[in-house]
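*Asks:* sequence and predicted structure, then a few things I'm wondering about:
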Amino acid sequence: MTYGVRKKGEIYESHLFTVKDDKFKSEPFLREVKEVYTDLINHHISNPEQQLKVFDKNSVYLPTKKIGKNNPKAAEIEADNAARQEWNRTADMALLSGIEETKILEIKQTEIHGKASQSIKEKGWLPHLFRSIISKAKDILQALIREKAMPPKPTLDIDMAEFRHMKNLMIKAQEGAREIRRLQDDVLPKLKSQLADTKGIFKGKERKILTEQIQQTETEISAKLDKLPDILKSDGYPDVQAFMRAFREMESVVEQYNRDLAEWERQTSRKPPTAAKEQRRPPERQSVLKHLHEIQERNKQKPPQRQKRKSIDRDSR
């Protein structure tokens, strides 16, 4: 079949059909094209760590931009990426602190996308103003995190291999989050308070020591925030959001299994007639394990054969 271009944005195949400009503006079509070209590019990249993936705009995260060589706006893009990464780190902490994904998405939509769109309409594109919008949204999310008590440490009372493994990952991630919150909410404020109270011309040395301690603590917090998702990525989950989705879904499946098992034990403990008792069977453990495994694999990175390795987004977090 022969293809040609009649005019910009309009393609035809012989005279059989016409695809109008509207299709190329639609979100599903653009995403499909992105995925096709990303897969094509990845096919020629032998190193899995250098492979690309299409950013999910419906996630709780903000995409960062790749900085090309000799880009005159490199410093501006770098500052913009840093602000976006701060939001992404805070989103990870919010998820692990038990804040619902829908609430994080609501703040992202109203406080970042909504206010950025309004700002662009009124004042045009101002990078420093966009970074300020992200910073304020991050502060709102951090305030919610401070108000939210960390969920209790998961217990390993369910002897199911897949879910037990997930709980171990959750314990590691939450322990990391607790340490970060301790530094953010206790250690850093105390150091800053001490610095504010250290006044006078003879306290210069003490102020210098406290300033260095504050900088070291802030560096430590930043490093721990960067490493937090790695606990989960090493097991094949692309980010904290994907892991939490899998964990909550698996948790629901296991809870339902436990309810079914308790009901079966209650019924069989009544000593019904032998024939009736034989008809009642306990919930199948193997089918639950299979379901848990399917949930894990669905939420892990693709392609499956490389899900244990990290990948770099072209529009990554």
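*Replies:* Ah, there it is.
*Asks:* ok, which stretches of the chain are helices?
*Replies:* Taking DSSP state H as the test, the helices found in the chain are 21-25, 27-43, 74-96, 101-107, 115-123, 127-147, 161-182, 188-197, 204-227, 230-233, 240-268, 274-279, 285-299.
*Asks:* make TSV out of those and add distance to K65.
*Replies:* (Glycine included, C-beta is placed from N, CA and C.) TSV is the format used below for the helices of the chain (distance: least, C-beta to C-beta, whole Å):
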stretch	distance to K65
helix 21-25	22
helix 27-43	15
helix 74-96	5
helix 101-107	21
helix 115-123	15
helix 127-147	11
helix 161-182	26
helix 188-197	30
helix 204-227	18
helix 230-233	21
helix 240-268	20
helix 274-279	63
helix 285-299	26
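*Asks:* closest to N58 out of these?
*Replies:* helix 101-107 (7.8 Å; C-beta to C-beta).
*Asks:* the closest one: which residues count as buried?
*Replies:* E101, I104, I107 (16 or more other C-beta atoms under 10 Å).
*Asks:* which residue is the nearest non-sequential neighbour of the second one?
*Replies:* For I104, the nearest residue in space outside its immediate sequence neighbours is V60; the separation is 4.5 Å by C-beta to C-beta, 6 or more residues apart in numbering.
*Asks:* repeat for L183
*Replies:* What sits nearest to L183 in space, not counting adjacent residues and going by C-beta to C-beta, 6+ apart, is I221, at 5.0 Å.
*Asks:* for the one you found, give its distance to I214.
*Replies:* 11 Å (C-beta to C-beta, to the nearest Å).
*Asks:* joint contacts of these two?
*Replies:* The contact sets of I221 and I214 overlap at L188 (C-beta atoms under 8 Å, 6 or more residues apart in numbering).
*Asks:* residues contacting R178?
*Replies:* R178 makes contact with M150 under the criterion C-beta under 8 Å, 6+ apart.
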